[in-house]
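A.B. asks: Predicted model follows, preceded by the sequence.
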Amino acid sequence: MANDPQDMFSRGPKLQEAPKEKKDSSLAPPPHAIGPEKSLLSSMLQDPEEYIGKAIEQHLTPSHFYMPSHGKLFEVLTSHFEENKPVELISLNQYLMDRNLLEGMGGPAAITEIYTYAPTAAHFESHLGIVKEKFILRSVIHSCTGAITEAFADPEDVQMFLDGVEQDVLKIREAAESGTEETIKETVAAVMKFFEEFLAGDRSTSGIQTGYPDLDKMGGGLKPTDMFVIAARPSMGKTSFMMNIVEHVAIDLNVPAMVFSCEMGSQQIVQRLVFSRARFAFSKLQSGYNPNKADLQRIKRASAEVANSKLYIDDTAAISINDLRAKARRKHRDEGLGLIAIDYLQLMRSTTKQASNSREREIAEISAGLKAIAKELNIPVIVLAQLNRGPESRTGSSLGVPRMSDLRESGSIEQDADMVGLLYRKAYYAESAEEKEEDEGESELVLAKNRNGATGNIPLTFIPSLMRFESRAFTPEPG
């Protein structure tokens with residue numbers, strides 16, 4: 001076989017010509033590697049069982065090939081492989097002829113030429129890498145060309161345009177690092193594996209544990225792609241409850257977590273977190289209390305645990321959904337986030353033209369955007385939300401008890417969420433000092449929506465001095 005690459009490409013019958021470029025000599029053809037493409041196909045034809053399977057495992061697709069005829073031949077080979085049909089020249093040529101594909105590929109002689117092209121498959125892996133690299137370069141060129149064209153068109157929403165450009169580039173990176181699609185067989189296998197582990201008692205939840213056993217039992221933990229909305233009236237402690245979950249995930253489970261706080265500064269959040277974890281009431285210091293040695297030891301230990309955790313806080317006020325998405329993507333790419341928490345939804349904003357005309361539309365776009373982030377990054381997202389004044393308008397035993405319909409400004413939050421928890425503290429609505437003292441600390445999380453499980457009330461205890469919620473055993477009323 002000739003050693004000259006040009007000679008190698010010119011031998012024998014020709015396959016379908018590569019796409020013609022514009023005649024402008026200043027434009028170079030897109031990056032491609034005809035030789036490695038033919039080498040891959042040659043190895044697959046010579047040893048289908050080994051190399052077609054390997055190509056599928058490496059997520060090679062027809063679009064990776066520059067030559068359309070190469071991509072079509074690869075598509076036929078993988079189809080035969082998956083259907084357990086024999087891959088050999090005579091039946092393959094007949095298959096292509098019956099479907100009027102053979103002449104477009106150069107005829108039987110061209111298929112034979114590809115078959116004999118690679119004398120050995122020893123370089124299959126390196127040639128596969130070259131083909132993928134050229135495809136990545138072509139993808140970047142295509143994406144950037146589209147972005148340049150759109151930029152010259154002067155888009156109305158520059159932030160949305162920028163977000164789209166970033167998303168396209170990240171898709172190229174994700175596709176280069178791993179396959180982006182699962183076959184149904186792989187998905188079913190993963191489901192059955194979880195089912196077997198569940199029956200064997202290897203795990204009680206399918207997601208990240210929250211630190212609240214009743215919530216984990218009812219909701220199955222914080223599952224990838226899920227959006228968990230925690231809603232309450234002001235001063236109910238929803239930020240504290242969210243941070244209690246984040247604390248458990250980031251510190252106790254050592255799972256990277258990111259908090260977007262539109263309301264509180266990062267220093268205030270960390271202060272709460274450290275003293276709550278140390279079980280030291282910071283309010284004592286304001287009344288002149290001097291911490292003893294045991295207090296100081298707990299505070300020092302808690303501060304070290306928080307400092308060494310993989311917890312990231314962004315306290316940008318009124319952050320837009322586009323900015324949040326961009327920051328979350330970059331942090332997930334760099335740190336491998338396992339959880340995102342947002343405080344809170346109604347303080348975010350959307351910059352689209354439609355959102356500027358309707359607050360309900362804006363909230364709907366933000367809610368849909370947060371759910372999309374959970375799916376894109378394949379991690380759970382906790383979102384705090386404000387309730388309207390509905391709980392205060394109720395009377396009798398229903399006074400203050402929240403309902404899902406109390407979610408402010410948009411029903412889309414209810415639609416997008418996989419779980420909706422409504423936080424409620426009975427003492428907040430007590431009509432007398434005696435009632436308030438009697439109900440002090442008694443709290444509930446009303447799990448009003450659970451897409452993949454049961455709903456119901458989860459009893460909690462709120463410790464105001466520590467800004468902390470803890471699990472509380474359910475005590476049935478007499479009779």
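C.D. replies: On my side now, so go ahead.

A.B. asks: if I pick residue 230, what's in contact with it?
C.D. replies: Neighbour list for residue 230: 238, 241, 242, 382, 383, 384, 385, 421, 423, 445 [criterion: C-beta atoms under 8 Å, 6 or more residues apart in numbering]. In short, each C-beta sits where N, CA and C put it, glycine included.

A.B. asks: same thing but 6 Å
C.D. replies: Contact analysis of residue 230 by C-beta atoms under 6 Å, 6 or more residues apart in numbering lists 238, 242, 384, 421.

A.B. asks: And residue 236, by the same measure?
C.D. replies: Contacts of residue 236 by C-beta under 6 Å, 6+ apart are 423, 425.

A.B. asks: swap the cut-off to 7 Å and go again
C.D. replies: If you count contacts by C-beta atoms under 7 Å, 6 or more residues apart in numbering, residue 236 has them with 423, 424, 425, 428.

A.B. asks: Could you report the distance from the last one to residue 464?
C.D. replies: Which is residue 428. 11 Å (C-beta to C-beta, to the nearest Å).

A.B. asks: Distance of residue 369 relative to residue 363?
C.D. replies: 11 Å.

A.B. asks: ok so, going back, which one of residue 428 and residue 464 is surrounded by more residues?
C.D. replies: When residue 428 and residue 464 are compared on other C-beta atoms under 10 Å, the one with more neighbours turns out to be residue 428, at 18 against 14.

A.B. asks: Read off the pLDDT value for the more buried one.
C.D. replies: Predicted confidence (pLDDT) at residue 428: the value is 73.

A.B. asks: With the one 10 residues further on instead?
C.D. replies: In the predicted model, residue 438 carries a pLDDT score of 61.

A.B. asks: Residue 212 too?
C.D. replies: Reported pLDDT for residue 212: 90.

A.B. asks: between residue 369 and residue 363, who's got more neighbours?
C.D. replies: Per other C-beta under 10 Å, whichever of residue 369 and residue 363 has more neighbours is residue 363, with 24 against 18.

A.B. asks: secondary structure element for the more buried one?
C.D. replies: helix 359-377 (DSSP states H and E).

A.B. asks: what's that helix packed up against?
C.D. replies: If you count contacts as 3 or more C-beta pairs under 7 Å, 6 or more residues apart in numbering; DSSP states H and E, helix 359-377 packs onto strand 227-232, helix 321-335, helix 353-356, strand 381-386, helix 412-416.

A.B. asks: can you redo those as a markdown table with mean pLDDT and distance to residue 406?
C.D. replies: Output for the helices and strands packed on helix 359-377, formatted as a markdown table (pLDDT from 0 to 100; distance: least, C-beta to C-beta, whole Å):
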| stretch | mean pLDDT | distance to residue 406 |
| --- | --- | --- |
| strand 227-232 | 91 | 7 |
| helix 321-335 | 84 | 23 |
| helix 353-356 | 72 | 23 |
| strand 381-386 | 92 | 9 |
| helix 412-416 | 83 | 10 |
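
A.B. asks: what's the helix or strand hosting residue 421 packed up against?
C.D. replies: Secondary structure assignment for residue 421, by DSSP H and E: strand 419-425. Applying 3+ C-beta pairs under 7 Å, 6+ apart, one finds that strand 419-425 contacts strand 227-232, strand 442-450.

A.B. asks: What distance do you get for residue 257 to residue 208?
C.D. replies: 9 Å.

A.B. asks: Find residues that contact each of the two.
C.D. replies: 249, 338, 339.

A.B. asks: Most neighbours among the residues you listed, which one?
C.D. replies: That'd be residue 249 among those, by other C-beta under 10 Å, with 26 neighbours.

A.B. asks: shouldn't that residue be in contact with residue 255?
C.D. replies: Yes. Counting by C-beta atoms under 7 Å, residue 255 is a contact partner of residue 249 at 4.9 Å.

A.B. asks: if I look at those two, which residues touch both of them?
C.D. replies: With C-beta under 7 Å, 6+ apart as the test, residue 249 and residue 255 both reach 208, 338, 339.

A.B. asks: Spit out the contact partners of the nearest residue to residue 424 once chain neighbours are set aside.
C.D. replies: Excluding its sequence neighbours, the residue lying closest to residue 424 (C-beta to C-beta, 6 or more residues apart in numbering) is residue 444, at 5.1 Å. The neighbourhood of residue 444, defined by C-beta under 7 Å, 6+ apart, consists of 424, 457, 458, 459, 460.

A.B. asks: For the fourth one, the count of nearby residues, please.
C.D. replies: Summarising burial for residue 459: neighbours were counted as other C-beta under 10 Å, giving 14.

A.B. asks: Tell me if it really is in a strand.
C.D. replies: Yes. Under DSSP: H, G, I helix; E, B strand; the rest coil, residue 459 sits within a strand.

A.B. asks: Quick one: residues contacting the nearest residue to it once chain neighbours are set aside.
C.D. replies: Among residues not flanking residue 459 along the chain, residue 472 sits closest, at 4.3 Å (C-beta to C-beta, 6+ apart). Neighbouring residues of residue 472 by C-beta under 7 Å, 6+ apart: 459, 460, 461.

A.B. asks: So residue 472 versus residue 219, what's the distance?
C.D. replies: Taken as C-beta to C-beta, the span from residue 472 to residue 219 is 17 Å.

A.B. asks: Per-residue confidence at residue 399, what does it come out as?
C.D. replies: Residue 399 is given a pLDDT of 76.

A.B. asks: Can you tell me which of the helices and strands packed on strand 419-425 is packed in deepest?
C.D. replies: strand 227-232 (a mean of 26; mean count of other C-beta atoms under 10 Å).

A.B. asks: Distance from the chain centre to it, please.
C.D. replies: 18 Å (C-alpha atoms, centre = their mean, to the nearest Å).

A.B. asks: Tell me the one among the shared contacts of residue 249 and residue 255 nearest to residue 117.
C.D. replies: Checking the shared contacts of residue 249 and residue 255 against residue 117 with C-beta to C-beta, the nearest one is residue 338 at 46.5 Å.

A.B. asks: how close does that closest one sit to residue 222?
C.D. replies: Taking C-beta to C-beta, one finds residue 338 at 9 Å from residue 222.

A.B. asks: between those two, what contacts are shared?
C.D. replies: Residues touching both residue 338 and residue 222 (C-beta under 7 Å, 6+ apart) are residue 208.

A.B. asks: Tell me the bridge partners for the nearest residue to residue 233 once chain neighbours are set aside.
C.D. replies: Spatial nearest neighbour of residue 233, chain neighbours left out: residue 387 (5.2 Å); criterion: C-beta to C-beta, 6+ apart. Legend: beta-bridge partners of residue 387 under DSSP bridges are residue 407.
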